[in-house]
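*Asks:* Return atomic coordinates for the entry below.
(one chain, ligands or ions: 1)
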Amino acid sequence: MCGIVGYLGGSSAAAQPVLFDLLKRLEYRGYDSAGIAVMNGSIQVLKTKGSVNNLMSETPILRGCCGIGHTRWATHGKPSSKNAHPHCCDTNKIAVVHNGIIENYIEIRDKLIDLGHKFRSETDTEVLPHLIEENYNNDLESSVRQALSMVRGSYALAAISSNDPDKIVVARKDSPLVLGLGETGFFIASDVSGILKYTKDVIFLNDRELAVISHNGIEITTLDGKKVDKKIETIKWNAESAEKSGYPHFMLKEIFEQPDVIRETFSGRMSAEGVDLEVVMPDARRIIITACGTSYHAGLFGRYVIERFARIPVNVEIASEFRYINPIVNSSDLVIGITQSGETADTLAAVREVNLEKSQKFGIVNVPGSSITRESQCLFTRAGPEIGVAATKSFTSQLAVLLLLAVQLGRARKEMSTADANDFVYDLKQMSGNIQRVLNEADNIKKCALVFADADQFLFMGRGANYPIALEGALKLKEISYIKAEGFPAGELKHGPLALIYDGVPVVAIATEGVTYEKMLGNIKEIKARGATVIGIANESDTKIEKYVDRVLRIPDSNPWISPVLSSVVLQLFAYYVADYKGCEIDKPRNLAKSVTVE
Ligand code: AGP
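*Replies:* Predicted structure coming up:
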């Protein structure tokens, strides 16, 4: 949600092109408006409604080696040039970019108006430059500190002042911020994928820390002024993984990366004993998984496999609900937060809730250095940077980690024999190659997708571990193509959703081999009898399915607990080709942002 950036280069460096480039790389965090402020004696601000491309197309060249920038996902005030960041104080001597929400902004704004400040936008952020100006006492750092002592809410912010040139002051509380130390200067971004092209040496700011970036280096203190020594961390992701590399969209590239991603997810985690994960906690009496969106669907899948292999009861909770249901969590429970970004506010809040109960917890996360990694032990999914707003490779890597976890818990609790674990690990090792075989069928999947691309509604259905995959297939399609799509457990249709079936409505039925296969065929018959056009996802060796459905998309034969991963890839491609046919902004769907850092 909103990307903030900053750059301070040597005195002959040009900040503007670097800021544009950083903003383009963070655009998946929000694309309602964009803006930059560059210091050159005075502060020069350029901002516009819409994407960074809009900004770049109408922008004169600004000189100066120091600047900040912002790409916005609107919360307070509609997307417009007036509400775009950076925001300035009355004298234009202070400019601020901000990601987060200032909760007490109305109260602060009213006081500042009484003191004569004039506001130009409807945003909460605009109070910050005015408050810094009101508290200005000859240096930017202490004025920012003073201003922040008066605000409530969340922020990652960067501020510059023409009274204190060639200096950027940044601070964070509950919104992410990373500083990069490169050969050509210092970089600031909301997450690492923004600055990977320039440097892999980074410092992650923690909550309530403030940094001053100047030609003398970076100085970090707590908000109340205590010096902090921070470690410089080296990010292992390679810079190319955050580029499109010839693909028309990041989403398609990320779908095609999945064979490599899965190999990386498994690398070093399979041993002679079965599985060897860094964090496990096998003594839990119950597991509570909490997550949002796609990660929640992964959690639902986790429930099936953990209960099956380890016989531990698992509850799966939508993070935004979990916090407010007054959850009953015991010290014998293990809470697992699943999040690609590691920054989703609802998931972080749900996992923090658990601290109060002293139960065990850990995260399953993709982004190194993200907030959840600073608060909990974590298992990394190792999917690399995911730029497309629609989660793809992060989802299958979450499924892969959950499969590993289920096996390891099963072994640790003696619910799974060594022989069964070894057989399963053998099957897991085929997963990457089998995903590649699904990808080799992309043209067939595309042909099928184009037949249905003009439909105005889709249903997805599955049973058992395929049910979360049906939910995820529907989410993928709706978020990037804007077609109404819902996922259902197939056995539940007759309890209501069957009323949605009419002549010709496309229904995607995941009918792969497993204990519920015959039941699925029965459910397919029920919807066919009512006129649905059924696209079946089935195993290669299935000779029956053609008689039941109108079209078949095949996946390689594999273990029934692993085939949901393969079906997911089919559904990702299906959604991609429908959205592409419709000409949708695939990597940046309307109203969405990759990392949801507000509740
Ligand atoms: C899925 O395509 C979406 N990007 C969204 O549902 C996402 O999974 C959700 O916002 C959770 O994000 P997280 O995994 O980063 O916590």
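*Asks:* Counting neighbours, what do you get for the residue of the chain found nearest the ligand?
*Replies:* Using Cβ to the nearest ligand atom, the single residue of the chain nearest to the ligand is Gly293, 1.9 Å away. For the C-beta atoms, the positions are set from N, CA and C on the backbone; glycine is no exception. Gly293: 22 surrounding residues under other Cβ atoms under 10 Å.
*Asks:* Same question for Gly522.
*Replies:* Counted with other Cβ under 10 Å, Gly522 comes out at 12.
*Asks:* For it, pull up the helix or strand it's in.
*Replies:* helix 517-529 (DSSP states H and E).
*Asks:* list the buried ones in that helix?
*Replies:* For helix 517-529, burial by neighbour count (16 or more other Cβ atoms under 10 Å) applies to 517, 520-521, 523-524, 527-528.
*Asks:* got a markdown table for the residues you listed, with distance to Asn330 and pLDDT too?
*Replies:* Output for the buried residues of helix 517-529, formatted as a markdown table (distance: Cβ to Cβ, whole Å; pLDDT from 0 to 100):
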| residue | distance to Asn330 | pLDDT |
| --- | --- | --- |
| Tyr517 | 38 | 96 |
| Met520 | 37 | 97 |
| Leu521 | 42 | 97 |
| Asn523 | 38 | 96 |
| Ile524 | 42 | 97 |
| Ile527 | 42 | 95 |
| Lys528 | 47 | 96 |
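*Asks:* returning to that earlier point: list the helices and strands the helix holding Gly522 packs on?
*Replies:* Helices and strands touching helix 517-529, by 3 or more Cβ pairs under 8 Å, 6 or more residues apart in numbering; DSSP states H and E, are strand 457-462, strand 506-510, strand 533-539.
*Asks:* SS state for Ala406?
*Replies:* The three-state assignment at Ala406 reads helix, by DSSP: H, G, I helix; E, B strand; the rest coil.
*Asks:* Spell out which parts of the protein neighbour the ligand.
*Replies:* Counting by Cβ under 6 Å from any ligand atom, the chain comes close to the ligand at 292-295, 339-341, 344, 347, 389-391, 479, 595-596.
*Asks:* Name the nearest of those relative to Val5.
*Replies:* Ranked by distance to Val5 (Cβ to Cβ), the residues of the chain next to the ligand are led by Ser595 at 14.4 Å.
*Asks:* Ser359 and Ala284: what is the separation?
*Replies:* In this view, Ser359 and Ala284 are 8 Å apart by Cβ to Cβ, to the nearest Å.
*Asks:* Pick out whichever of these two has more residues nearby.
*Replies:* Neighbours around Ser359 and Ala284, counted as other Cβ under 10 Å, are more numerous at Ala284. The numbers are 22 against 18.
*Asks:* pLDDT wise, what is the closest residue to that one other than its chain neighbours at?
*Replies:* Once flanking residues are discounted, Ala284 sits nearest to Leu334: 3.4 Å by Cβ to Cβ, 6 or more residues apart in numbering. At Leu334, the model reports a pLDDT of 93.
*Asks:* Could you name the helices and strands sitting against the helix or strand hosting Leu334?
*Replies:* If you go by DSSP H and E, Leu334 is part of strand 333-339. Strand 333-339 sits against strand 286-291, helix 293-310, helix 345-355, strand 360-365, with contacts defined as 3+ Cβ pairs under 8 Å, 6+ apart.
*Asks:* What strands flank it, and is each parallel or antiparallel?
*Replies:* Take DSSP bridges as the rule and strand 333-339 pairs in its sheet with strand 286-291 (parallel), strand 360-365 (parallel).
*Asks:* Go ahead and name everything in contact with the next helix or strand after the last one.
*Replies:* Toward the C-terminal end, the helix or strand that comes next after strand 360-365 (DSSP H and E) is helix 371-375. Among residues not part of helix 371-375, those counted as contacts by Cβ atoms under 8 Å, 6 or more residues apart in numbering are 174, 176, 204, 206, 337, 339, 342-343, 347-348, 351-352, 363, 365, 367, 378.
*Asks:* what do you get for stretch 217-229?
*Replies:* With Cβ under 8 Å, 6+ apart as the criterion, stretch 217-229 contacts 145, 148-149, 171, 173, 179, 181, 186, 203, 205, 208-212, 230.
*Asks:* Could you measure from the closest residue to Tyr296 other than its chain neighbours over to Cys292?
*Replies:* Nearest non-adjacent residue to Tyr296, counting by Cβ to Cβ, 6+ apart: Ile318, 5.7 Å away. Ile318 is 7 Å from Cys292, where distance means Cβ to Cβ.
*Asks:* Comparing these two, which residue is more hemmed in?
*Replies:* Shown here are Ile318 and Cys292; by other Cβ under 10 Å, Cys292 has more neighbours (22 against 17).
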